[in-house]
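Chemist: model the structure of this input:
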Amino acid sequence: MPASSDPNRSYAAAHFALELDGSPNVGLFRSIEGGGVRTDVMSYVTNGGPVYDRWRQLGKPKFEDIKLQVGMAMSEPFYAWIANFFKGVVDRKTGSIVAADFYYKERARRQFTSAMIKELTFPTLDGKDTKAAYMTVGFSVEDIHFQKGTGAKLAPPNGFDSQKLWTACNFRFTLSGFEPYCTRTSKIDSFTVKQNVIEYHMGGQLAPIKTPSAIDFPNIAFYVPEADAFPFMDYFTNKTQLSTKSDKPAGSASKLNGSIVTYDNSGSNLFTLSFTGADIFSVSPDRSDSSTEEIKNVKIELYTESMSFEYAAFEVM
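Modeler: Residues are numbered from 1 along each chain as shown. Reported below is the predicted structural model:
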């Protein structure tokens with residue numbers, strides 16, 4: 001039998017697909033990490049006496065978190081799942097991770113149940129970086145089963161042909177009250193939105209039930225040329241010191257809001273990440289060096305209280 005037609009031949013997993021709640025294919029992603037199963041090994045010994053034997057047995061199963069690295073080649077159900085995560089909606093998914101060979105033929109799958117998004121990491125956005133950008137989405141599961149692939153060819157995900165490549169240089173940052181000074185934002189550092197998952201152990205069940213806790217929204221660090229940074233410096237100085245103009249103490253409760261908009265090479269929006277309840281807590285100029293020709297930037301850091309995610313396709317629904 002030719003090796004190319006042997007269903008049991010070794011293969012290099014070239015393509016990965018995600019299935020959610022019965023949808024045959026909600027997107028192709030770049031890489032997958034985790035998703036294994038393990039247990040602790042428990043040891044027992046006798047309490048005294050001449051017997052020194054040691055007995056072992058398996059404990060409760062533990063299902064590793066799954067991390068996917070995704071770009072803009074996913075379909076709307078996946079981005080709706082992300083949007084619900086930002087809203088604090090407990091959206092549990094049942095689905096499969098499908099591994100396919102170079103010819104898109106299914107070779108293996110991992111079925112999971114009660115999956116919840118645990119964290120989402122946005123990549124560094126840099127105006128000088130023309131490479132493709134990818135988000136890392138981590139989710140916890142309550143059960144995983146390994147299955148052999150059917151050999152069927154993967155169906156293209158819904159809307160796959162309309163997905164646009166997301167590059168790290170295509171973004172627009174805005175901050176309320178500072179719109180004219182944000183137009184030349186050169187870089188936004190990577191950040192992670194996290195939600196701790198609590199394990200609840202109960203009688204009659206071998207594996208724990210997983211429940212979500214509060215979402216921790218991160219700080220955002222962005223960079224602007226020093227020529228555009230003075231309004232941010234003045235604002236921060238007045239917020240943290242006595243204002244010489246009004247002789248009133250600074251540190252008022254007024255908050256800022258803003259957004260990060262990503263778009264493709266044609267200028268069409270891909271998704272918008274909005275944040276509210278923000279304020280500046282750090283202004284740090286770059287190191288000064290007379291031997292460099294790099295434009296001097298200023299790093300500005302914000303704390304945030306809430307974020308929301310909107311996939312561009314939702315705007316026309």
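Chemist: which regions of the stretch 201-317 of the chain lie under the pLDDT threshold?
Modeler: 242-254, 288-292, 313-317 (pLDDT under 70).
Chemist: tell me which stretches of it form helices.
Modeler: 230-240 (DSSP state H, counting those that start in this stretch).
Chemist: isn't A168 right up against F122?
Modeler: No: assessed by C-beta atoms under 8 Å, A168 is found out of contact with F122, at 10.5 Å. All C-beta atoms are positioned from the backbone trio N, CA, C, and that covers glycine.
Chemist: okay, now the unreliable bits of the stretch 51-200 of the chain?
Modeler: In the stretch 51-200 of the chain, residues with pLDDT under 70: 156-164.
Chemist: any chance you could map the strands in the stretch 151-300 of the chain?
Modeler: For the stretch 151-300 of the chain, the strands defined by DSSP state E, counting those that start in this stretch cover 171-175, 187-188, 191-200, 209-216, 220-225, 256-263, 269-285, 297-303.
Chemist: closest to V137 out of the ones you listed?
Modeler: Of all the strands of the stretch 151-300 of the chain, the one in closest proximity to V137, counting by C-beta to C-beta, is strand 191-200 (10.2 Å).
Chemist: and that closest one, what other elements does it pack with?
Modeler: Using 3 or more C-beta pairs under 8 Å, 6 or more residues apart in numbering; DSSP states H and E as the contact test, the elements touching strand 191-200 are helix 76-87, strand 106-122, strand 209-216.
Chemist: just to revisit the earlier point, dump the strands of the stretch 151-300 of the chain to a markdown table, plus distance to G151 and mean neighbour count.
Modeler: A markdown table is the format used below for the strands of the stretch 151-300 of the chain (distance: least, C-beta to C-beta, whole Å; neighbours: other C-beta atoms under 10 Å):
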| stretch | distance to G151 | mean neighbour count |
| --- | --- | --- |
| strand 171-175 | 41 | 19 |
| strand 187-188 | 43 | 20 |
| strand 191-200 | 35 | 15 |
| strand 209-216 | 33 | 14 |
| strand 220-225 | 46 | 20 |
| strand 256-263 | 37 | 18 |
| strand 269-285 | 34 | 17 |
| strand 297-303 | 51 | 19 |
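Chemist: and of those, who's closest to D91?
Modeler: Comparing the strands of the stretch 151-300 of the chain against D91 with C-beta to C-beta, the closest turns out to be strand 209-216 (9.7 Å).
Chemist: before we move on, the earlier item: of all the strands of the stretch 151-300 of the chain, which lies closest to Y235?
Modeler: Y235 lies closest to strand 269-285 among the strands of the stretch 151-300 of the chain, at 6.5 Å (C-beta to C-beta).
Chemist: now for the closest one, which elements pack on it?
Modeler: Against strand 269-285 (3+ C-beta pairs under 8 Å, 6+ apart) you get helix 230-240, strand 256-263, strand 297-303, strand 306-311.
Chemist: mind redoing it with 10 Å?
Modeler: Under the contact criterion of 3 or more C-beta pairs under 10 Å, 6 or more residues apart in numbering; DSSP states H and E, strand 269-285 touches helix 76-87, strand 171-175, strand 220-225, helix 230-240, strand 256-263, strand 297-303, strand 306-311.
Chemist: just the buried residues of the fourth one, please?
Modeler: The reference is to helix 230-240. The neighbour-count check on helix 230-240 (16 or more other C-beta atoms under 10 Å) flags 232, 235-236, 238 as buried.
Chemist: and those residues, which two are the farthest apart?
Modeler: The span of the buried residues of helix 230-240, defined through C-beta to C-beta, is set by F232 and N238 at 11.0 Å.
Chemist: one step back: the helices and strands packed on strand 191-200: which one's closest to K296?
Modeler: Nearest to K296, of all these, is strand 106-122, at 25.5 Å by C-beta to C-beta.
Chemist: tell me the buried residues in the closest one?
Modeler: Using 16+ other C-beta under 10 Å as the test for burial, strand 106-122 gives 106-112, 115-122.
Chemist: cool, stretch 89-109 as well?
Modeler: In stretch 89-109, residues buried by neighbour count (16+ other C-beta under 10 Å) are 91, 93-101, 105-109.
Chemist: now swap in stretch 62-69 and tell me
Modeler: 63, 65-69.
Chemist: need these in a markdown table (columns: secondary structure).
Modeler: Formatted as a markdown table, the buried residues of stretch 62-69 follow (DSSP: H, G, I helix; E, B strand; the rest coil):
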| residue | secondary structure |
| --- | --- |
| F63 | strand |
| D65 | coil |
| I66 | strand |
| K67 | strand |
| L68 | strand |
| Q69 | strand |
